[in-house]
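Trainee: how would this look folded up:
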Amino acid sequence: MLSNKIEKIITKYLLNQASFSELEALELWLLDSENEKVFKEFIKTNYLIDSSLNKYNTSLSSKKLLAFITQEKQTIRVKRFRNYLKYAAVFIGLIMVSYFFNVGKDTSTNAPILVESIQTGKDKATLTLENGTIVSLEKGASFNNKNAQSNGEKLIYLNSTNKESNKIAYNYLTVPRGGQFYLKLSDETQVWLNSESQLKYPVSFTKGKIRVVELIYGEAFFDVSPSTNHQGSLFKVHHKDQDIQVLGTTFNIKAYKDESSIYTTLVEGNVAVSFKETQKNLSPNDQLNLDLETKTAIIQKVDVYNAISWKDGVFSFDEKSLFEIMRVLSRWYDVKVVFKDDAIKEEEFIGVLSKNQNIEDILKSIKNFGLVKSYTIRDKIIILE
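Mentor: As a prediction, the model looks like this:
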């Protein structure tokens, strides 16, 4: 039997409004196998109704949702639990969007005009070798040379060091709009590059010297191989407006050419961010916002999940303006976004979206929330009004 208390908690959870204590109570309640059955039935009855959803496996969807919620039954760790809930929200979001917009065709004057299908982003990049040769990397195209190999979905460099007397050879990995790519450097540092990004790095690092790479533009998540594995060699990420020095840690840098700020978000470890003659030290969950116009920096505590979820196939937006959201989506779907009414740019949205989700479903959801009156897609241009 579903009590009023638990029903309210589930409803608040689905609306992303549940408190930590309520989430903890929900997980404890789900430890009972009979409650699992009640939970599945509640989701099916209240959120997966309508014959237009027959193409979806509603049983499987509720199982996936339940799996996310109960994955860590042995130990209740609220912070991690909340992250699982955010992932789970993707499944509900996708299904509910389909429910709201497949019930019938919209014949009103505000119906969107869809001229062509916009593809979701995928793993793709171009590799520029030290001799200037350009190699296309994408699924189905393999690449191998003496330094690296790729299956088209990731690029792995051989574990090697450069002799100090040798000239350092640099490669460039460029990810276009509508792309993403994974890279493992020769020191085993892992890098995830987001859409519209470029990284410059040595084919191999010089033994005993600082390991330096350059984020020329875009966004990258780094999981740095510890200095203890490299005779104490520090790791530095250079950008024309700042430098980040680390011993071994995980962090995200967002430095797009069309944005007036650089965001550095620390997940684990410690980093020192330097710009001009200033240095700021970050602790886990800190995000440094460097304003390129005023040359000032602000550090604040953030939910790092929102900053790094993109590398795991999810966009997490927490009170972000529609302008900011569409800027992110425009890179991933390789489209241009035009606002016919500047006022709607500041409308805020809270939600979690799968990167595999169709852009048209996302636009329908945004329209359903009342953020826009209508949208039109023409020649990879999205017009919002």
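
Trainee: for the helix or strand harbouring Leu329, packing partners?
Mentor: Using DSSP states H and E, Leu329 falls within helix 322-333. Counting contacts by 3 or more Cβ pairs under 8 Å, 6 or more residues apart in numbering; DSSP states H and E, helix 322-333 is packed against strand 314-321, strand 336-339, strand 348-354, helix 359-368, strand 381-384. Quick note: C-beta positions are derived from backbone N, CA and C, even for glycine.

Trainee: in it, what counts as buried?
Mentor: Leu322, Glu324, Ile325, Met326, Val328, Leu329, Ser330, Arg331, Trp332, Tyr333 (16 or more other Cβ atoms under 10 Å).

Trainee: List the contacts of the second one.
Mentor: Applying Cβ atoms under 8 Å, 6 or more residues apart in numbering to Glu324 gives the contacts Phe317.

Trainee: how far away is it from Glu348?
Mentor: Separation of Glu324 from Glu348 (Cβ to Cβ, to the nearest Å) stands at 9 Å.

Trainee: now the fourth one
Mentor: According to Cβ to Cβ, Met326 and Glu348 sit 13 Å apart.

Trainee: any idea which helix or strand carries the residue lying closest to Glu138 once chain neighbours are set aside?
Mentor: By the measure of Cβ to Cβ, 6 or more residues apart in numbering, the closest residue to Glu138 outside its immediate chain neighbours is Lys124, 4.1 Å from it. Secondary structure from DSSP H and E places Lys124 in strand 122-128.

Trainee: How about residues contacting that strand?
Mentor: Residues contacting strand 122-128 (Cβ under 8 Å, 6+ apart): 134-139, 143, 150, 152-155, 171-176, 178-182, 193.

Trainee: Report the inter-axis angle for it versus helix 322-333.
Mentor: 70 degrees (axes from the mean of the first three to the mean of the last three Cα atoms, to 10 degrees).

Trainee: Could the C-alpha coordinates of strand 122-128 be exported in CSV?
Mentor: Extracted C-alpha coordinates of strand 122-128, given in CSV (Å, rounded to 0.1, in the frame of the first residue of the first chain):
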residue,chain,number,x,y,z
LYS,A,122,28.8,11.6,-31.7
ASP,A,123,32.4,10.6,-31.2
LYS,A,124,34.4,12.4,-33.8
ALA,A,125,37.6,14.5,-34.1
THR,A,126,40.5,15.4,-36.3
LEU,A,127,44.1,14.6,-35.3
THR,A,128,46.8,16.9,-36.5
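
Trainee: Return the set of buried residues in that strand.
Mentor: For strand 122-128, by 16+ other Cβ under 10 Å, it's Asp123, Lys124, Ala125, Thr126, Leu127, Thr128.

Trainee: avg pLDDT for it?
Mentor: Averaged across strand 122-128, pLDDT comes to 97.

Trainee: Now find how far off-centre that strand is within its chain.
Mentor: 18 Å (Cα atoms, centre = their mean, to the nearest Å).

Trainee: Just the buried residues of the next helix or strand after that strand, please?
Mentor: For strand 122-128, the succeeding helix or strand toward the C-terminus, using DSSP H and E, is strand 134-138. For strand 134-138, a neighbour-count test (16+ other Cβ under 10 Å) marks Val135, Leu137 as buried.

Trainee: Next, the angle strand 122-128 makes with strand 134-138.
Mentor: Going by the same axes, to 10 degrees, strand 134-138 makes 170 degrees with strand 122-128.

Trainee: Give me the contacts around strand 134-138.
Mentor: Contacts to strand 134-138, defined as Cβ under 8 Å, 6+ apart, come from residues 122-129, 143, 150, 152, 155, 181.

Trainee: go with 10 Å
Mentor: 122-129, 141, 143, 145, 148, 150-155, 171-175, 179, 181, 183 (Cβ atoms under 10 Å, 6 or more residues apart in numbering).

Trainee: before we move on, the earlier item: and the contacts of strand 122-128, which are buried?
Mentor: Once neighbours are counted (16+ other Cβ under 10 Å), the buried part of those comes down to 135, 137, 150, 152-155, 171-176, 178-182, 193.

Trainee: where in the stretch 251-385 of the chain is pLDDT low?
Mentor: Nowhere does the stretch 251-385 of the chain drop to pLDDT under 70.

Trainee: Residue ranges of each domain in this structure, please.
Mentor: 4-102, 113-118+313-384, 122-307 (automatic domain parsing).

Trainee: quick revisit: minimum distance to Arg211: which of the helices and strands packed on helix 322-333 has it?
Mentor: Comparing these by their distance to Arg211 (Cβ to Cβ), the top pick is strand 314-321, with 29.7 Å.

Trainee: partners of the closest one in the sheet?
Mentor: Sheet pairing here is set by DSSP bridges, and for strand 314-321 it gives strand 348-354 (antiparallel).

Trainee: Identify each buried residue in the strand it pairs with, please.
Mentor: Buried residues in strand 348-354 (16+ other Cβ under 10 Å): Phe349, Gly351, Val352, Leu353, Ser354.

Trainee: swap in stretch 239-258?
Mentor: Quick answer for stretch 239-258 (16+ other Cβ under 10 Å): 239, 242-256.

Trainee: for stretch 217-236, same thing?
Mentor: 217-227, 230, 233-236.

Trainee: what do you get for stretch 284-291?
Mentor: Buried, per 16+ other Cβ under 10 Å, within stretch 284-291: Asp286, Gln287, Leu288, Asn289, Leu290.

Trainee: how about the residues you listed in JSON lines, adding secondary structure and distance to Lys380?
Mentor: What follows is these, written out as JSON lines (DSSP: H, G, I helix; E, B strand; the rest coil; distance: Cβ to Cβ, whole Å):
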{"residue": "Asp286", "secondary structure": "strand", "distance to Lys380": "37"}
{"residue": "Gln287", "secondary structure": "strand", "distance to Lys380": "32"}
{"residue": "Leu288", "secondary structure": "strand", "distance to Lys380": "34"}
{"residue": "Asn289", "secondary structure": "strand", "distance to Lys380": "31"}
{"residue": "Leu290", "secondary structure": "strand", "distance to Lys380": "32"}
